[in-house]
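**Student:** let's see this in three dimensions:
(one chain, ligands or ions: 1)
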Amino acid sequence: MFVNDCLNVNEKGHLTIGGCDTLELAKEFGTPLYVMDEDTIRNTCKSYVNSIKTHYDGKGLPMYASKALSCKALVQLADSENMGLDVVSGGEIYTAMKANFPPEKIQFHGNNKTEAELRMALDYNIGKIIVDNLYELELLNKIANEKNKVVKISMRIKPGIDAHTHNFIMTGQIDSKFGFALETGEAMAAVKESLKLSNVDLTELHCHIGSQIFDIDPFVKAAEVMMDFIGQIKRETGHLVTELNLGGGYGIKYTENDNPVPYDNYMAAVSKAVKAKAAENDIPVPFIYMEPGRSVVGEAGITLYTVGGRKEIPNIRTYVSVDGGMTDNIRYALYESEYTVVNAGKADQEPNEKVTVAGKCCESGDLIQKDAPVADVQVGDTLAVLSTGAYNYSMASNYNRNPRPAIVMVKDGKARLIVKRESYDDLVANDLDL
Ligand SMILES: *Cc1c(COP(=O)(O)O)cnc(C)c1O
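**Tutor:** Okay, the predicted model is just below:
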């Protein structure tokens, strides 16, 4: 009935998630409220782990890209499902450490890790640093040398495949702020440079070709390009890279128009391509990593809002204003992202009108969705915006001094807080008097 499996409708006609009535959740925890379905997240993690078992003899590790939603409970959940973890900042490392995540299963990304962040990563013995540029390579080697360590590194490669849209193109990818380009020879030069340095150990290569991708082909193509490069490195330098990280980017359902491929199908196709390329290049089959973020938490989450006002502009559109907005979901303002909106108290009714859901911020672009079909919206209704589990809380802000919402996790009809709602005192906690 809904785009997300964890949603249902109860006998009152109310939307439910994880067996909890969303109107009750709104009453108990207040709005705006993020709600995450635990079983959906766990099942997705399991399907990644199992796909590697089924198609790749278990010789791989899916890592949760925590930038999609980083908080202690999520990191702990990923750990309990035997996932690794991707981090992109000192703050995400700190969150993982506070959640007791095993540091050896963490990889640290970013195109401009600060010296302080690199030192922190080494002090916590983070498993691998994904090196983005030559400056970082030299700096990391210097810090590791000072600390008397040899750090395992990966290198971010631009494989020349751009898959940010429904199709993919094989050019244009040189123009990206991330990583080393293959076709210019930049990547090979960086590999050779790293082999001269004594405090870094290049064991892995990494690529990440985009996000919200629905095709298998670009993933297969990227895997092939990367395997050929590993073969070329072996032939030119004698050095064998034993691990291949294929990044994330698996698409999810925001609306009925989205058709994600089952994760198992990606793995089946990619495994086949990697094995074939290993044979062709006469190199061993590498250990592989994948880095799903959006697909682990996106469909598991919804946001609940309370409708405050309704403004009908004749022959133009109807605005309904909610008690959140770009502060808790900036994706429409950033990318005009599509979402499904449900009137949570009338979830058994077909949409009979189109409304534009506006936030409460002082900014005309502060919209959640334009002209969304919903059932008869009145002041005081609870609206649910679906598939908000990824890149919503993690991109949230305090614009207009709005406190960030709470996150509750639901399972088997029970709800518990995993992130508290910010208070006004939290907002002024770092302010100092004149
Ligand atoms: C953002 C990102 C991911 C996760 O991407 P999703 O689209 O959320 O799956 C994985 N790896 C890297 C390097 C990223 O930057």
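**Student:** all helices for the stretch 101-250 of the chain, in order.
**Tutor:** 115-123, 134-146, 186-196, 217-237 (DSSP state H, counting those that start in this stretch).
**Student:** compute the inter-axis angle for the second one and helix 186-196.
**Tutor:** Orientation check (axes from the mean of the first three to the mean of the last three CA atoms, to 10 degrees): helix 134-146 against helix 186-196 gives 10 degrees.
**Student:** same check on the first one?
**Tutor:** Compare the direction of helix 115-123 with that of helix 186-196 by the same axes, to 10 degrees and you get 60 degrees.
**Student:** likewise for the last one?
**Tutor:** Between helix 217-237 and helix 186-196, the angle comes out at 50 degrees (the same axes, to 10 degrees).
**Student:** and the ligand, is helix 217-237 touching that?
**Tutor:** No. For helix 217-237, no contact with the ligand is found by CB under 6 Å from any ligand atom; the gap never falls below 11.5 Å. All C-beta atoms are positioned from the backbone trio N, CA, C, and that covers glycine.
**Student:** and that helix, average pLDDT?
**Tutor:** For helix 217-237, mean pLDDT rounds to 96.
**Student:** next: stretch 314-324.
**Tutor:** On average, the pLDDT along stretch 314-324 is 96.
**Student:** ditto for stretch 33-49
**Tutor:** pLDDT averaged over stretch 33-49 gives 97.
**Student:** up against the ligand, what does the stretch 51-200 of the chain have?
**Tutor:** Within the stretch 51-200 of the chain, the residues that sit near the ligand (CB under 6 Å from any ligand atom) are 65, 67-68, 86, 109.
**Student:** closest one to the ligand out of the residues you listed, please.
**Tutor:** Nearest to the ligand among those, counting by CB to the nearest ligand atom, is residue 65 at 3.5 Å.
**Student:** picking up where we left off before, so which of the helices of the stretch 101-250 of the chain gets nearest residue 14?
**Tutor:** Among these, the nearest to residue 14 by CB to CB is helix 217-237 (39.2 Å).
**Student:** SS state for residue 259?
**Tutor:** The three-state assignment at residue 259 reads coil, by DSSP: H, G, I helix; E, B strand; the rest coil.
**Student:** how close does the closest residue to residue 134 other than its chain neighbours sit to residue 153?
**Tutor:** Once flanking residues are discounted, residue 134 sits nearest to residue 190: 6.1 Å by CB to CB, 6 or more residues apart in numbering. In this view, residue 190 and residue 153 are 11 Å apart by CB to CB, to the nearest Å.
**Student:** residues shared between the contacts of the two?
**Tutor:** 131, 137 (CB atoms under 8 Å, 6 or more residues apart in numbering).
**Student:** so which of those two has more stuff around it?
**Tutor:** residue 153 (25 against 22; other CB atoms under 10 Å).
**Student:** in JSON lines: the helices of the stretch 101-250 of the chain, plus distance to residue 97.
**Tutor:** Below are the helices of the stretch 101-250 of the chain laid out as JSON lines (distance: least, CB to CB, whole Å):
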{"stretch": "helix 115-123", "distance to residue 97": "9"}
{"stretch": "helix 134-146", "distance to residue 97": "18"}
{"stretch": "helix 186-196", "distance to residue 97": "27"}
{"stretch": "helix 217-237", "distance to residue 97": "30"}
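**Student:** ok, which stretches of the stretch 301-434 of the chain are helices?
**Tutor:** Counting by DSSP H, counting those that start in this stretch, the stretch 301-434 of the chain has helices at residues 331-335, 424-428.
**Student:** please identify the deepest-packed of those.
**Tutor:** Mean neighbour count, computed with mean count of other CB atoms under 10 Å, is highest for helix 331-335 among these, reaching a mean of 16.
**Student:** that one near the ligand at all?
**Tutor:** No. Residues of helix 331-335 are not located near the ligand by CB under 6 Å from any ligand atom, the shortest gap being 12.3 Å.
**Student:** restrict that helix to CA atoms and write it as CSV.
**Tutor:** Provided in CSV are the C-alpha atoms of helix 331-335 (Å, rounded to 0.1, in the frame of the first residue of the first chain):
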residue,chain,number,x,y,z
ARG,A,331,16.4,18.0,0.6
TYR,A,332,13.6,19.7,-1.2
ALA,A,333,15.3,23.1,-0.9
LEU,A,334,18.6,21.6,-2.0
TYR,A,335,17.6,19.2,-4.8
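**Student:** quick one: contacts of that helix?
**Tutor:** With CB under 8 Å, 6+ apart as the test, helix 331-335 has contacts from 326, 337, 339, 363, 365-370, 391-392, 395.
**Student:** now stretch 11-23
**Tutor:** 6-10, 25, 35, 37-40, 302, 304, 342, 344-349, 382, 384, 410-415.
**Student:** next: stretch 274-287.
**Tutor:** For stretch 274-287, contacts defined as CB under 8 Å, 6+ apart pick out 56, 59-61, 223-224, 227-228, 230-231, 234, 240-244, 288.
**Student:** now do the buried residues in it.
**Tutor:** By 16 or more other CB atoms under 10 Å, the buried positions in stretch 274-287 come out as 274-275, 277-278, 281, 283, 285-286.
**Student:** done for today, thanks.
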